[in-house]
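Participant: Sequence and predicted structure below; questions after.
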Amino acid sequence: MLATPIGNLEDITLRALRILGEVDIVFCEDTRVTRKLLNKYDLHANLQSMNACSEEGKIDHIMDLLADGKKIAYVSDAGTPCISDPGVKLVSAVRMFNKSAGHEKQIKIAGIPGASALATALSVAGIPTNKFLFFGFLPKKKGRVTMIKEICESKYTVVFYESSHRILKLMYQLKAYASHKKITVARELTKVYEEVLQGSADDILAEFENNPQKQKGEFVVMVSE
């Protein structure tokens with residue numbers, strides 16, 4: 001499991017670059033996205049796709065490759081695999097195999113650390129981070145309001161991701177249920193238009209309504225005391 005940049009392609013570790021140049025196959029969400037990263041560093045890995053829709057169907061194929069001794073890396077389009085990204089089913093399958101296999105047949109799993117929108121957002125927010133809850137992406141419809149209420153009632157900092165399609169709706173919902181909370185919104189982290197907004201839900205809602213261009217991008221939302 002190898003972390004890749006969340007925006008700025010320079011946010012890649014030396015170890016990650018070395019491994020991307022050494023493995024036999026790099027499985028990735030979108031070969032076009034990963035190819036841009038590899039091209040920047042003049043790497044020529046064999047790319048094959050595995051995304052959230054195809055992960056379960058490709059596990060047997062990948063397990064066969066691993067059993068044959070192939071070295072494989074998995075990357076998501078941005079950030080750390082398995083953190084609101086594909087990869088969990090693959091790691092689980094390898095661990096189940098290792099549990100039943102003899103010691104000499106064990107498949108090593110390594111996490112190659114690097115960029116994460118979650119950690120990056122918390123590091124610039126200036127809010128309590130000694131204890132926090134991470135909710136990934138909120139439900140689009142069913143159960144969404146229930147989860148938002150749960151977030152607003154938490155005594156801990158809560159972090160989650162939101163898309164540009166629902167960010168305005170989210171601010172209206174937080175205004176209704178979290179008027180007593182501090183809201184921090186990190187937008188387009190590590191990219192040209194990176195921005196961190198902080199205040200009440202009403203403050204941020206007004207900022208979005210007065211500046212529609214700020215509703216675009218990828219968002220990390222933090223709700224805190």
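Facilitator: Yes, it's here. Keep in mind that this is a model prediction, so the values were computed, not measured. Numbers count the residues shown, from 1 in each chain.

Participant: Assumed residue 196 was part of a strand.
Facilitator: Yes - assessed with DSSP: H, G, I helix; E, B strand; the rest coil, residue 196 lies in a strand.

Participant: hmm, who's touching stretch 198-210?
Facilitator: Residues from elsewhere that reach stretch 198-210 (C-beta atoms under 8 Å, 6 or more residues apart in numbering): 125-126, 167-168, 171-172, 174-175, 178-179, 181-185, 197, 214-215. Quick note: C-beta positions are derived from backbone N, CA and C, even for glycine.

Participant: Report the buried residues of the helix or strand harbouring residue 133.
Facilitator: Residue 133 is part of strand 132-137 when elements are defined by DSSP states H and E. By neighbour count on 16 or more other C-beta atoms under 10 Å, the buried set for strand 132-137 is 132, 135.

Participant: And that strand, what does it pack against?
Facilitator: Applying 3 or more C-beta pairs under 8 Å, 6 or more residues apart in numbering; DSSP states H and E, one finds that strand 132-137 contacts helix 144-153, strand 157-163.

Participant: rewinding a little: buried ones among the contacts of stretch 198-210?
Facilitator: Buried members of the contacts of stretch 198-210, scored by 16+ other C-beta under 10 Å, are 125, 167, 171, 174-175, 178, 181-185, 197, 214-215.

Participant: Mind checking which of those land in strands?
Facilitator: Among those, the members falling in strands are 182, 183, 184, 185, 197 (criterion: DSSP state E).

Participant: what about the nearest residue to the second one once chain neighbours are set aside, how many neighbours?
Facilitator: Nearest residue to residue 183, sequence neighbours excluded (C-beta to C-beta, 6 or more residues apart in numbering): residue 201, at 5.1 Å. A total of 24 residues lie near residue 201 under the criterion other C-beta atoms under 10 Å.

Participant: what are the ranges of the strands in this structure?
Facilitator: Using DSSP E, strands in the chain cover 25-28, 47-49, 72-75, 132-137, 157-163, 182-187, 195-199, 218-224.

Participant: These: which one's closest to residue 114?
Facilitator: Among those, the nearest to residue 114 by C-beta to C-beta is strand 72-75 (9.7 Å).

Participant: circling back: mean neighbour count, the helices and strands packed on strand 132-137: which tops it?
Facilitator: Across these, averaging neighbours per residue (mean count of other C-beta atoms under 10 Å) puts strand 157-163 on top, at a mean of 20.

Participant: Name the residues that touch it?
Facilitator: Around strand 157-163, the neighbours that count as contacts under C-beta under 8 Å, 6+ apart are 84, 117-118, 121-122, 127-129, 131-138, 151, 170, 218-225.

Participant: which of those count as buried?
Facilitator: Buried members of those, scored by 16+ other C-beta under 10 Å, are 84, 117-118, 121-122, 127, 132, 135, 138, 151, 170, 218-224.

Participant: pretty sure residue 87 contacts residue 74?
Facilitator: Yes - between residue 87 and residue 74 there is a contact at 5.5 Å, judged by C-beta atoms under 8 Å.

Participant: got the strands of the chain as JSON lines, with mean pLDDT columns?
Facilitator: Output for those, formatted as JSON lines (pLDDT from 0 to 100):
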{"stretch": "strand 25-28", "mean pLDDT": "96"}
{"stretch": "strand 47-49", "mean pLDDT": "95"}
{"stretch": "strand 72-75", "mean pLDDT": "96"}
{"stretch": "strand 132-137", "mean pLDDT": "95"}
{"stretch": "strand 157-163", "mean pLDDT": "96"}
{"stretch": "strand 182-187", "mean pLDDT": "96"}
{"stretch": "strand 195-199", "mean pLDDT": "96"}
{"stretch": "strand 218-224", "mean pLDDT": "96"}
